[in-house]
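Novice: Fold the following.
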Amino acid sequence: MAKRVYYQDTEHLRNELIRLFDFIGPLTVAAWTLRRDAAQFMDWTTKSSPAAMRAALQARFIHGSGVHGANLQSFVTDHPWSYHEEELAKMVLFMIFSLFEGWTEHICTRLGFPRHYEALQQPNKYAAALRSILAAKSPNSVACFFPALDSSDSNRIHNLLLVYRCFKAKRNKIAHAGGIADSETKREYDAFAKLTPGDIGAKEVPRTEPVVVGTPVRLSLRGVRGFSDIVRRLAVALDRELSQQVYAETELKSRWLDKYGELKLMKSERNGRETQLREWIWSLNFPRPVSALTLVPFLQDHRLVRI
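Specialist: Down below sits the predicted model:
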């Protein structure tokens, strides 16, 4: 079971990435199966006229789907499976960037630093951005939540961002330059290519084809899936750092009020009170805090608990 994160935005991103591949996996299998079955069907009906072939394919594979204008003959005969797999990889890559870039923008805006979201996506700028964002820290969150959050990638953010920048450079060329690599794409790939699995804490570095300036960038669905895991881990690592920011207290108060309202009565006995508070906070989808009783003065000041 994945460890809990601090911000709900991060949990939403993580869930959306899971849902994306829960959909893309069966979709890829369905596309491959359709190619195979449609090719076999076309072999059986080779003596049919082109019009009859199209009608037969329509009746066998398309009727009832609500899809209009699907050209199955072209799908089967014009390109190999590797082409279709790469087109799926491109679409998935675009969705991953949409999710992650939306997350960085939204969470930076919440924290009061809307202009820092792009810096959090760059290996040579993220550290300065974090220093700026964390200039005002929450002592309560630093003491209680920061130590409880997943720290496995805290020292790998730079390397994870090198992977991110390589795939982003490829995405940018697909979106804005007809997919043709330039010197910037090559520079980002070369920095990525030096990474080992140990550098990013993974069994393998996400697969992606080498970049040659002036030629189309290449992707694989397996590589994009590996990249999605890098994005998930990157968000979790940044979430931990950002949990120290003073806004973290607002997040705690807001979720507390949504679930409990004001003035929950705490047990008088110290150990029972700490256990009680840890469970209350766990029920808000936070990690169980370290030194939970440290939070009591904050909760009392905001009329959230009484003893």
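Novice: Would you map the helices across the protein?
Specialist: 8-44, 50-57, 72-77, 81-110, 126-133, 139-144, 157-176, 183-193, 197-200, 221-242, 247-260, 270-282, 296-301 (DSSP state H).
Novice: Let me know the angle separating the longest one from helix 247-260.
Specialist: Right, the one you point to is helix 8-44. Orientation of helix 8-44 against helix 247-260 (axes from the mean of the first three to the mean of the last three CA atoms, to 10 degrees) gives an angle of 80 degrees.
Novice: shift numbering so it begins at 53
Specialist: Done: numbering now begins at 53, and the last item shifts to helix 60-96.
Novice: What mean pLDDT does helix 60-96 get?
Specialist: Average pLDDT, helix 60-96: 92.
Novice: buried residues in it?
Specialist: 60-63, 65-66, 68-69, 72-73, 76, 80, 83, 86-87, 90, 93-94 (16 or more other CB atoms under 10 Å). Backbone N, C-alpha and C define where each C-beta goes, glycine included.
Novice: how far off helix 133-162 does that helix point, in degrees?
Specialist: 170 degrees.
Novice: now helix 60-96, how far from the chain's geometric center?
Specialist: Its chain's average C-alpha position is 17 Å from that of helix 60-96, according to CA atoms, centre = their mean, to the nearest Å.
Novice: just the fifth one next, same as before
Specialist: Here helix 178-185 shows a centroid-to-chain-centroid distance of 21 Å under the convention CA atoms, centre = their mean.
Novice: list the helices and strands that helix packs on?
Specialist: Counting contacts by 3 or more CB pairs under 8 Å, 6 or more residues apart in numbering; DSSP states H and E, helix 178-185 is packed against helix 209-228, helix 273-294.
Novice: Most tightly packed of those helices?
Specialist: helix 273-294 (a mean of 22; mean count of other CB atoms under 10 Å).
Novice: Packing partners of it?
Specialist: Against helix 273-294 (3+ CB pairs under 8 Å, 6+ apart) you get helix 60-96, helix 133-162, helix 178-185, helix 209-228.
Novice: ok so, going back, would you format the helices of the chain as TSV with distance to residue 260 included?
Specialist: Formatted as TSV, the helices of the chain follow (distance: least, CB to CB, whole Å):
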stretch	distance to residue 260
helix 60-96	17
helix 102-109	35
helix 124-129	25
helix 133-162	9
helix 178-185	22
helix 191-196	37
helix 209-228	7
helix 235-245	8
helix 249-252	13
helix 273-294	5
helix 299-312	36
helix 322-334	39
helix 348-353	46
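Novice: Lowest average pLDDT across those helices?
Specialist: helix 102-109 (a mean of 82).
Novice: Mind giving me the packing neighbours of it?
Specialist: helix 60-96, helix 124-129.
Novice: Compare the ones you listed and give me the one nearest residue 196.
Specialist: helix 60-96 (17.7 Å; CB to CB).
Novice: now that closest one and helix 273-294, what's the angle there?
Specialist: Going by the same axes, to 10 degrees, helix 60-96 makes 170 degrees with helix 273-294.
Novice: What helices and strands are in contact with helix 60-96?
Specialist: Short answer (3+ CB pairs under 8 Å, 6+ apart): helix 60-96 packs on helix 102-109, helix 124-129, helix 133-162, helix 273-294.
Novice: starting at the chain centroid, how far to the third one?
Specialist: Here helix 133-162 is found 8 Å from its chain centre; the criterion is CA atoms, centre = their mean.
Novice: how big is the angle separating it from helix 178-185?
Specialist: 30 degrees.
Novice: cool, and the last one?
Specialist: Taking the same axes, to 10 degrees, one finds helix 273-294 and helix 178-185 inclined to each other by 30 degrees.
Novice: show me what contacts residue 307?
Specialist: Contact partners of residue 307, counting by CB atoms under 8 Å, 6 or more residues apart in numbering, are 60, 336-338.
Novice: Make JSON lines out of those residues and add distance to residue 196.
Specialist: Formatted as JSON lines, those follow (distance: CB to CB, whole Å):
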{"residue": "60", "distance to residue 196": "18"}
{"residue": "336", "distance to residue 196": "13"}
{"residue": "337", "distance to residue 196": "15"}
{"residue": "338", "distance to residue 196": "9"}
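Novice: And the buried ones among those residues, selectable in PyMOL?
Specialist: For anyone working in PyMOL, the buried entries among the contacts of residue 307, judged by 16+ other CB under 10 Å, can be selected with:
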select buried, resi 60+338
